[in-house]
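Colleague: I would like to see how this sequence folds:
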Amino acid sequence: MKPHFIVTLVPGDGIGPEIASALVKVFQAASVPITWDPYNSPTDDRSTLKAIVESARKHRLMIKGPLATPIAEGPRSINVTLRSALGLYANVRPCKSFAGVESRWDGVELLIVRENTEGAYTGIEHDRGQGKVEAVKIVTAAASMRIAEYAFRAASHRPRRTLAVAHKANIMKKADGLFLQCCREVARKYPAVSYREILVDNCCLQLVLDPQQFDVLLFQNLYGDIVSDLCAGLIGGLGLAPSANIGAECAMFEAVHGSAPDIAGQGIANPAALILSGVLLLRHVNLHREANRIEQAVRSVIGHREATTGDLGGNGTTTSFTNAVIEALHEPAKESLLPSLAVSESPW
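Modeller: This next block holds a predicted model:
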C-alpha cells in the first residue's frame, strides 16, 4: 500500500496564495497521496510561527510560498528563523535548462548545495555606536563537515561526479580556511568524486562564461544565497528555480523568488517554481512516479509556451498555466529530470 503523507503548507505573502493554490490543484489532479496542514502567513502574526514550526516538526515535511522580508529594518527574517528552528542545514537548488526558454546557455545542469545555518547570513549584528556596525561570520568544523558530507554524497550519485567548492580563503583565511580544511578532509573519503576549489568571485565569472564546466557547487551560506540566484538566471530566472532545505528530522521546500506584491491578486503569477519545489518534495519521500509525471507536465507546458506567464514571454495566467499542467499530466511519463534527494537524511 502506498504511504500517505501530511505536509505543512504555508502559502506565504503577495502572490504566495495564488501559486500555492496552483500547487494544490496539480497535486490533486496527479493523485498525490498528501494531506495538507495549512497555515496563514506568519509575517504579520508571529504567533503563527510557533504553530508552523510545531506542525513541520510533527509531519517532518513542509512547503511554503514566498514570505516578505523588510529591508534594512524590522525583525529577523522568517525564512532564516524557520531554517534555524527546524535544523535545516542544507539548502539544495537544482538548476536545469528548459526547452522553450530563451537563454544564453543550453544544457545547463547544476546542483547548488549551500550551508544553511551559519556564516555571515545568520544576521548576527551589533551596533557599536558612532556610526559603526559589526556583522559576525561564524564558521564551525561541525557544520562545515556536515554540509561537505552532504555535497560529496550528492556528487557521488550524479553521472559526472564532480564538485567545486567556492570560497574567499585568500582574504578570510581563518573562517573560509576552516571551511576548506573540512571540505578537503571529506574529499579524501570520496576518491571517485573529482574535487576542485575556486575563489567565489572567479566562480561567478566562470558561471557566466561557461556554466557547463560545473556540476555540483558547494558554498557557505551568504555566497550560496547570491550565486544560486545567478545560476537561476542561466536557465530563465527565479520563476523556474525550485529549492529544498534538508535537515536530519525535517525538510522544507520553497519557491525562492519574492512575494511580488505589485502583481498579487492579478492572476498572472508564475507557479512553476513552487510546483517544481513540490516535485523535489515528492522525490524526497520516494514518490518518484508522481514526481516524474508532474515535472514532465511542467516542462511540456513551458516548452510549448502557449500557456506560460509573462515572465517567460507568454500571455498566460496562473490559472491557464495550472490547467495546462493538469492536462499535460495525461502524457506518458518519462525518466526523472530533477535530481532525487534520496542522498539526504530522509527517513523514508
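
Colleague: Give me the below-cutoff pLDDT ranges for this structure.
Modeller: When residues are selected by pLDDT under 70, those of the chain lie in 1, 72, 333-348.

Colleague: these two touch, right, residue 331 and residue 296?
Modeller: Yes. Contact criterion CB atoms under 8 Å: residue 331 and residue 296 qualify, at 6.6 Å. From N, CA and C alone the C-beta is placed, and that goes for glycine too.

Colleague: higher neighbour count, those two?
Modeller: Neighbour totals were compared for residue 331 and residue 296, and residue 296 leads with 21 against 11 (other CB atoms under 10 Å).

Colleague: Tell me which residue lies nearest the centroid of the chain.
Modeller: Among the residues of the chain, residue 243 comes closest to the average C-alpha position under CA atoms, centre = their mean, at 1.5 Å.

Colleague: tell me the SS of that residue?
Modeller: At residue 243, secondary structure determined by DSSP: H, G, I helix; E, B strand; the rest coil is strand.

Colleague: ok, now which ones touch it?
Modeller: Residue 243 sits next to 91, 92, 93, 253, 254, 255, 256, 273, 277, 280 when contact means CB atoms under 8 Å, 6 or more residues apart in numbering.

Colleague: Now do the last one against residue 88, distance only.
Modeller: Noted for residue 280: a distance of 13 Å to residue 88, by CB to CB, to the nearest Å.

Colleague: Among the contacts of residue 243, name the buried ones.
Modeller: 91, 92, 93, 253, 254, 255, 256, 273, 277, 280 (16 or more other CB atoms under 10 Å).

Colleague: Only C-alpha atoms, please: export the helix or strand that the first one is a member of in CSV.
Modeller: Element membership for residue 91 (DSSP states H and E) is strand 88-96. Included here for strand 88-96 are C-alpha records, laid out as CSV according to Å, rounded to 0.1, in the frame of the first residue of the first chain:
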residue,chain,number,x,y,z
LEU,A,88,17.6,22.7,8.0
TYR,A,89,21.4,22.7,7.4
ALA,A,90,21.4,22.0,3.6
ASN,A,91,19.9,24.3,1.0
VAL,A,92,19.7,22.5,-2.3
ARG,A,93,18.9,24.2,-5.5
PRO,A,94,19.0,22.3,-8.9
CYS,A,95,19.3,24.5,-12.0
LYS,A,96,18.5,22.7,-15.2
